[in-house]
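Participant: What would the 3D arrangement of this be:
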Amino acid sequence: MTGTGARRCLGPTNRSRFSLFVLAVLFGCAAPAARAAEPATPLKVCLVSASAEYKSHESLAELQKHLEANYAVRCTRAFGDDKGSSLPGLEALDTADIMVLFTRRVTLADDQLARVKKFCSSGKGVVGLRTASHGIQNWLEIDAELFGGSYKGHYGKDEPAQVVPEEKAKGHPVLAGVKPFGTPGKLYKNPALAADATLLLTGIATGKQEPVAWVREREGGRVFYTSLGVPEDFTDADFLRLMANAVFWTVRREPAAR
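Facilitator: Coordinates of the predicted model:
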């Protein structure tokens, strides 16, 4: 039967049904393509590094590689010198969603210190690693004011420690998919966390036990801090998962795959 004949055989009701069928097929085919054409907006992460003792440049470069390979993340770098006076590239904070801070006793010029403080009070996400608790010599209050810690030095030598989740925090998004893991670095002493801090992980070594990761909310923004961060930690899949979770949690987003 010709196309004309076929159309004549279709009554008004059948023609309507046929039209709806064609539209359904067309839209059904187009919808997945449309969804695939809408990638997640990349999260803008500013990596701030100046802790030569723990090879922060190399470690944050590894973190950048991990984040950008697996998630919708774009990183910029502000890398300076341990105990230095400048963090070149720090202007990237102005457009960043989150700052990852891994510095050690830098003394910043007034304009750079003001830029860091402005970001920390903006409600955006902040992640601090190891020496970040004493990362800015002319703002040592960052430990208590921002991170909610109480850094009192560290134990005298490196020794293996087991990192385990707090029972009450096992359902926290930052710990999603993170299993207990080990670290070879010396534990930091933090005898008293801020009242509004939520302890996530504890480090246990021979005869000692210390908090090693926690979160808090401050001035509308979310903060994650961990006293872990020796170079070997950045080769551990569970530590990298912890860091990725923390990055997205601080900005109130679900981890978005690349």
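
Participant: which other residues reach the lengthiest strand in the chain?
Facilitator: Taking DSSP state E as the criterion, the chain has its longest strand at strand 208-218. With C-beta atoms under 8 Å, 6 or more residues apart in numbering as the test, strand 208-218 has contacts from 145-149, 155, 163, 172, 174, 183, 187-190, 193-194, 196-203, 222-228, 242, 246, 249. Placement of C-beta: from N, CA and C, glycine included.

Participant: any idea of the mean pLDDT in that strand?
Facilitator: In this model, strand 208-218 has a mean pLDDT of 97.

Participant: Which of the contacts of strand 208-218 fall in strands?
Facilitator: 163, 183, 198-203, 222-226.

Participant: Looking at these, which is nearest residue 73?
Facilitator: residue 224 (15.4 Å; C-beta to C-beta).

Participant: now the closest one, nearest residue through space, not along the chain?
Facilitator: Sequence neighbours aside, residue 246 is the residue nearest to residue 224 in space, at 4.0 Å (criterion: C-beta to C-beta, 6 or more residues apart in numbering).

Participant: residues touching the one you found, list them.
Facilitator: By C-beta under 8 Å, 6+ apart, the neighbours of residue 246 are 127, 174, 215, 224, 226.

Participant: one step back: I'd like the ones in strands among the contacts of strand 208-218 laid out as JSON lines, including pLDDT, neighbour count and distance to residue 116.
Facilitator: Formatted as JSON lines, the ones in strands among the contacts of strand 208-218 follow (pLDDT from 0 to 100; neighbours: other C-beta atoms under 10 Å; distance: C-beta to C-beta, whole Å):
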{"residue": "163", "pLDDT": "98", "neighbour count": "25", "distance to residue 116": "28"}
{"residue": "183", "pLDDT": "97", "neighbour count": "23", "distance to residue 116": "27"}
{"residue": "198", "pLDDT": "98", "neighbour count": "17", "distance to residue 116": "24"}
{"residue": "199", "pLDDT": "98", "neighbour count": "17", "distance to residue 116": "25"}
{"residue": "200", "pLDDT": "98", "neighbour count": "26", "distance to residue 116": "24"}
{"residue": "201", "pLDDT": "98", "neighbour count": "22", "distance to residue 116": "26"}
{"residue": "202", "pLDDT": "98", "neighbour count": "19", "distance to residue 116": "29"}
{"residue": "203", "pLDDT": "98", "neighbour count": "23", "distance to residue 116": "27"}
{"residue": "222", "pLDDT": "98", "neighbour count": "20", "distance to residue 116": "17"}
{"residue": "223", "pLDDT": "98", "neighbour count": "22", "distance to residue 116": "13"}
{"residue": "224", "pLDDT": "98", "neighbour count": "25", "distance to residue 116": "17"}
{"residue": "225", "pLDDT": "98", "neighbour count": "30", "distance to residue 116": "15"}
{"residue": "226", "pLDDT": "98", "neighbour count": "28", "distance to residue 116": "19"}
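
Participant: Among the residues you listed, which one sits closest to residue 140?
Facilitator: Nearest to residue 140 among these, with distances taken as C-beta to C-beta, is residue 225, at 14.6 Å.

Participant: What are the phi and psi values at residue 88?
Facilitator: phi -60, psi 130 (degrees, to the nearest 10).

Participant: Residue 63 versus that one, what's the distance?
Facilitator: 19 Å (C-beta to C-beta, to the nearest Å).

Participant: Neighbour count for the two, which is higher?
Facilitator: Shown here are residue 88 and residue 63; by other C-beta atoms under 10 Å, residue 63 has more neighbours (27 against 12).

Participant: where's that one relative to residue 93, distance?
Facilitator: As for residue 63, its distance to residue 93 is 17 Å (criterion: C-beta to C-beta).

Participant: Not counting its neighbours along the chain, what's nearest residue 92?
Facilitator: residue 76 (3.9 Å).

Participant: Which other helices and strands does the helix or strand hosting the one you found contact?
Facilitator: Per DSSP states H and E, residue 76 falls inside strand 73-79. Applying 3 or more C-beta pairs under 8 Å, 6 or more residues apart in numbering; DSSP states H and E, one finds that strand 73-79 contacts strand 43-50, helix 56-70.
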